[in-house]
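Engineer: Requesting a structural model of the entry that follows:
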Amino acid sequence: MGMNVGTPSTSAEPEVMLDINTTPLIDVMLVLLIMLIVTIPIQLHSVELNLPQGNPPPQVVEPEVVRINIEANGDILWNAEPVAGGAALEARLAAAAAQAVQPELHVRPDRAVAYETVAAVMAAIQRNHLTKIGLVGAEQFL
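Structural biologist: Coordinates of the predicted model:
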């Protein structure tokens, strides 16, 4: 705020203040600065995706499809055949990863299955470096 300090005038009228009141200008500047600080991080968040460039070549051979169903009680089925446990699943995934052409994995979790079971299967797939993965049946969760 501006303040005029000096000798009191002898006239009845107050003296004219010649200083500019900069308080509203500083307030506007601070509001704009806060808006800039708040909105810049929102614009910089990004998710990096490895997208293919150009047109893919036509497929000569249809890929093998492996259907991994996760039942509501936590049982895992490999092409409708029960898997004994985590070690057996790891062995099958390692065998699939060793193939010359990796099979497509279609993972279909049941709506009532625990999330940790699905996460464990997805982690096992990732540990074995399988890249052709699809989650099938997501419409049941809508």
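
Engineer: CA atoms for contacts and neighbours, from now on please.
Structural biologist: OK.

Engineer: So which other helices or strands are in contact with the helix or strand encompassing residue 66?
Structural biologist: Element membership of residue 66 [criterion: DSSP states H and E] is strand 65-70. For strand 65-70, the packing partners by 3 or more Cα pairs under 8 Å, 6 or more residues apart in numbering; DSSP states H and E come out as strand 76-78, strand 104-109.

Engineer: Which of the residues in the strand or helix carrying residue 30 are classified as buried?
Structural biologist: Applying DSSP H and E as the criterion places residue 30 in helix 23-44. When burial is assessed from 16 or more other Cα atoms under 10 Å, helix 23-44 yields no buried residues.

Engineer: what do you get for stretch 126-138?
Structural biologist: 128, 130, 133.

Engineer: List the residues that contact the first one.
Structural biologist: In this case it means residue 128. Neighbour list for residue 128: 90, 93, 94, 97 [criterion: Cα atoms under 8 Å, 6 or more residues apart in numbering].

Engineer: Reformat the helices and strands packed on strand 65-70 as a markdown table; add mean neighbour count.
Structural biologist: A markdown table is the format used below for the helices and strands packed on strand 65-70 (neighbours: other Cα atoms under 10 Å):
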| stretch | mean neighbour count |
| --- | --- |
| strand 76-78 | 20 |
| strand 104-109 | 20 |
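
Engineer: So which of the buried residues of stretch 126-138 is the closest to residue 56?
Structural biologist: residue 133 (18.1 Å; Cα to Cα).

Engineer: Next up, the contacts around that closest one.
Structural biologist: Contacts of residue 133 by Cα under 8 Å, 6+ apart are 104, 105, 106, 107.

Engineer: quick check, nearest of those to residue 58?
Structural biologist: residue 104 (16.6 Å).

Engineer: Residue 61 versus the closest one, what's the distance?
Structural biologist: According to Cα to Cα, to the nearest Å, residue 104 stands 13 Å off from residue 61.

Engineer: what do you get for residue 135?
Structural biologist: Look at residue 135 and residue 61: by Cα to Cα, they are 22 Å apart.
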